[in-house]
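Q: Curious how this folds, go ahead:
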Amino acid sequence: MALETKIICVTLLIMGFWASQALSQTLHQVSMSERYEEWMARYGRTYKDIADKEKRFKIFKDNVEYIESVNNAGN
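A: Take a look at the predicted model:
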């Protein structure tokens, strides 16, 4: 009985970890556009059209991902 309980607990912990990782990735993608909008508001950025805004969003996203990867690497 104790072994079954331990197995169930470990299984639940692993499933919880996987779920949190999946949710974290989804929230990261959603929050990137929110971060961009906040950055635009903070620094008074406006763009002439949607194409320019999307182009600059890609640059912003690439820069944030680069910065975060360097920070996560411990450099």
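
Q: Now do the strands in the chain.
A: Counting by DSSP state E, the chain has no strands to list.

Q: and stretch 21-38, what's its mean pLDDT?
A: Across stretch 21-38, pLDDT averages out at 76.

Q: again, but for stretch 65-75
A: 87.

Q: Could I have the CA atoms of it written out in PDB?
A: The C-alpha trace of stretch 65-75 is given here as PDB (Å, rounded to 0.1, in the frame of the first residue of the first chain):
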ATOM      1  CA  GLU A  65      14.600  36.100 -26.400                       C
ATOM      2  CA  TYR A  66      18.300  36.800 -26.900                       C
ATOM      3  CA  ILE A  67      18.600  38.800 -23.700                       C
ATOM      4  CA  GLU A  68      16.700  36.100 -21.700                       C
ATOM      5  CA  SER A  69      18.800  33.300 -23.100                       C
ATOM      6  CA  VAL A  70      22.000  35.200 -22.200                       C
ATOM      7  CA  ASN A  71      20.600  35.900 -18.700                       C
ATOM      8  CA  ASN A  72      19.600  32.300 -18.200                       C
ATOM      9  CA  ALA A  73      23.000  31.100 -19.300                       C
ATOM     10  CA  GLY A  74      24.500  33.000 -16.300                       C
ATOM     11  CA  ASN A  75      26.500  35.400 -18.300                       C
END
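
Q: got the buried residues for that stretch?
A: By 16 or more other Cβ atoms under 10 Å, stretch 65-75 has no buried positions at all. C-beta here means a position set from N, CA and C on the backbone, and glycine is covered the same way.

Q: what distance separates it from the centre of its chain?
A: 13 Å (Cα atoms, centre = their mean, to the nearest Å).

Q: now what about that stretch, what contacts it?
A: For stretch 65-75, there are no external contacting residues (Cβ atoms under 8 Å, 6 or more residues apart in numbering).

Q: Over to stretch 44-56?
A: 39-40.

Q: For it, measure first residue to last.
A: End-to-end distance for stretch 44-56, by Cα to Cα, to the nearest Å: 14 Å.

Q: Okay then, goodbye and thanks.
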